[in-house]
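Student: I would like the atomic coordinates for the input below:
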Amino acid sequence: MKKITSKIFKSIILMSLIAISSIVMAIEPETRSMQEIYQAALKEGGIVTVYAGGDVQSQAAGIKEGFEKAFPGMKLNVIVDYSKVHDGRLDFQVATKKIIPDVVQFQTLHDFPRWKQEGILMNYKPISWDKVYKDFKDPDGAWTAGLIITFHSVSNKDKLGNIKTPKEAKDFLDPKLKGKLISAYPNDDDAVLFWYKQNIDKYGWKWMEDLMKQNPKFVRGSHVPKNEVKDKNTQYTTTLGTSRDASSQSSTFDLPEKDGFMAWAQRVAILKSTKHPESAKLYLNWLIENQGSPWGVRTDKTPPKGYKQIWEYKNSNMKEFENFMMDRAGVESFKAQIRLFVGDVKGEPTPGELGLYPDKPLSK
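Tutor: The predicted structure is shown next:
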């Protein structure tokens with residue numbers, strides 16, 4: 001009896017020590033000002049390399065310009081590739097002990113819990129930590145969302161003419177849109193894949209069968225369809241499952257009322273291996289402070305007139321997309337089924353082939 005009591009007592013002591021240790025080791029939000037972090041970043045060399053998920057290198061131009069303008073003497077080295085390629089690249093670099101980026105920001109939400117468990121992410125809570133929406137951050141600071149991306153449909157209002165702007169899933173089946181729809185391959189991009197899945201889940205595979213009768217065009221890169229509908233010489237008027245285009249006056253991004261669209265908070269993490277920790281922290285803080293329009297990750301920022309906060313849209317399917325991404329077997333199963341409709345992915349990758357250890361963007 002004494003031995004059992006002694007073991008129980010020792011277990012209680014051990015658990016108490018672990019609990020106390022976790023409290024002591026808990027990371028507090030950044031207390032320095034952005035200016036103080038900036039000065040520290042300059043002292044360590046003034047450069048930060050980011051592996052960013054995307055379709056083309058030019059998507060990083062605005063972030064690079066804004067960051068370097070805000071912090072003279074700093075260099076932001078953003079290297080863009082598909083998230084599904086970058087994540088494998090990072091795993092390879094970890095395995096070969098030659099990690100290039102300081103920061104990663106990817107669409108592959110499922111990677112971040114694994115990387116946290118593997119111990120390759122730095123626990124860090126930025127200045128605005130308490131203002132970041134609760135679902136957009138890891139409780140220990142292993143990752144924090146830096147921006148919101150939304151997918152639905154972009155249409156060229158001028159080219160539509162008297163055709164009703166499609167918003168709901170069945171609107172894309174309008175016979176007047178036959179030969180006028182364009183989409184990224186859903187079996188090439190998990191976000192595009194999920195956009196299709198939400199409609200198929202609601203309306204069945206019959207919806208997909210009817211959509212294919214519209215002769216949609218499939219291409220690589222989720223940016224390509226919206227660029228195509230802006231081209232004055234194109235036959236395509238409407239995209240399927242692509243992001244909002246804020247740069248065009250002629251295009252419209254109308255959210256559905258009855259059916260779903262989708263959004264996710266792009267996760268950003270600083271790697272423990274970083275040689276530029278202060279520069280990485282400066283970038284993350286700046287990114288959260290200078291969030292894009294119309295939606296951002298902070299609760300204290302008011303969205304523009306006509307929009308609610310992204311987490312207030314019940315049909316944005318944010319949690320559902322996260323769950324979808326975590327179920328990799330389910331993703332592959334659905335991808336295999338939709339390939340039966342759209343065929344194998346054709347075309348060169350839009351970011352190019354960056355290789356094993358890219359340390360700067362491809363010059364194109």
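
Student: What confidence value was assigned to residue 305?
Tutor: Residue 305 carries a pLDDT score of 79 in this model.

Student: again, but for residue 79
Tutor: Taking residue 79 on its own, its pLDDT is 98.

Student: Check which residues of whichever strand or helix holds it are buried.
Tutor: Assessed by DSSP states H and E, residue 79 sits inside strand 75-81. By 16 or more other CB atoms under 10 Å, the buried positions in strand 75-81 come out as 76-81. For glycine as for every other residue, the C-beta is placed from the backbone atoms N, C-alpha and C.

Student: Also stretch 81-100?
Tutor: Neighbour count says stretch 81-100 has 81-83, 85-87, 89-90, 93, 99-100 buried, by 16+ other CB under 10 Å.

Student: what does stretch 334-345 give?
Tutor: 334-335, 338, 341-342, 345.

Student: Quick check: mean pLDDT of the strand or helix carrying residue 93?
Tutor: Following DSSP H and E, the helix or strand that holds residue 93 is helix 83-95. What helix 83-95 shows for mean pLDDT is 98.

Student: Can you name every helix or strand that the following helix or strand past that helix contacts?
Tutor: Next helix or strand after helix 83-95 toward the C-terminus (DSSP H and E): strand 103-106. Judged by 3 or more CB pairs under 8 Å, 6 or more residues apart in numbering; DSSP states H and E, the packing partners of strand 103-106 are strand 47-53, helix 83-95, strand 262-270, helix 277-289.

Student: Looking at these, spot the one closest to residue 135.
Tutor: Ranking these by proximity to residue 135 (CB to CB) places strand 262-270 first, at 7.4 Å.

Student: Tell me which other helices or strands whichever helix or strand residue 195 is part of touches.
Tutor: Per DSSP H and E: residue 195 is located in helix 190-203. Contact here means 3+ CB pairs under 8 Å, 6+ apart; on that basis helix 190-203 packs against strand 144-152, helix 205-212, strand 238-240, strand 262-270, helix 318-326, helix 328-342.

Student: Pick the most deeply packed of those.
Tutor: Mean neighbour count (mean count of other CB atoms under 10 Å) peaks for strand 238-240 among the helices and strands packed on helix 190-203, with a mean of 28.

Student: hang on, the earlier thing: reformat the helices and strands packed on helix 190-203 into a markdown table and put distance to residue 27 and mean pLDDT next to each item.
Tutor: Listed next are the helices and strands packed on helix 190-203 as a markdown table, based on distance: least, CB to CB, whole Å; pLDDT from 0 to 100:
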| stretch | distance to residue 27 | mean pLDDT |
| --- | --- | --- |
| strand 144-152 | 11 | 94 |
| helix 205-212 | 46 | 98 |
| strand 238-240 | 41 | 95 |
| strand 262-270 | 12 | 97 |
| helix 318-326 | 23 | 98 |
| helix 328-342 | 29 | 98 |
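
Student: Pull stretch 349-364 out as CSV, backbone CA atoms only.
Tutor: Provided in CSV are the C-alpha atoms of stretch 349-364 (Å, rounded to 0.1, in the frame of the first residue of the first chain):
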residue,chain,number,x,y,z
PRO,A,349,3.4,24.9,-63.4
THR,A,350,2.7,28.7,-63.4
PRO,A,351,5.5,29.6,-60.9
GLY,A,352,8.1,27.6,-62.9
GLU,A,353,10.4,24.9,-61.5
LEU,A,354,12.3,26.4,-58.6
GLY,A,355,14.4,23.3,-57.6
LEU,A,356,15.4,22.0,-54.2
TYR,A,357,16.9,25.0,-52.4
PRO,A,358,15.6,28.2,-54.0
ASP,A,359,17.0,31.3,-52.2
LYS,A,360,15.7,33.9,-54.6
PRO,A,361,12.8,34.2,-57.0
LEU,A,362,13.1,32.9,-60.5
SER,A,363,14.0,35.8,-62.9
LYS,A,364,11.2,35.9,-65.5
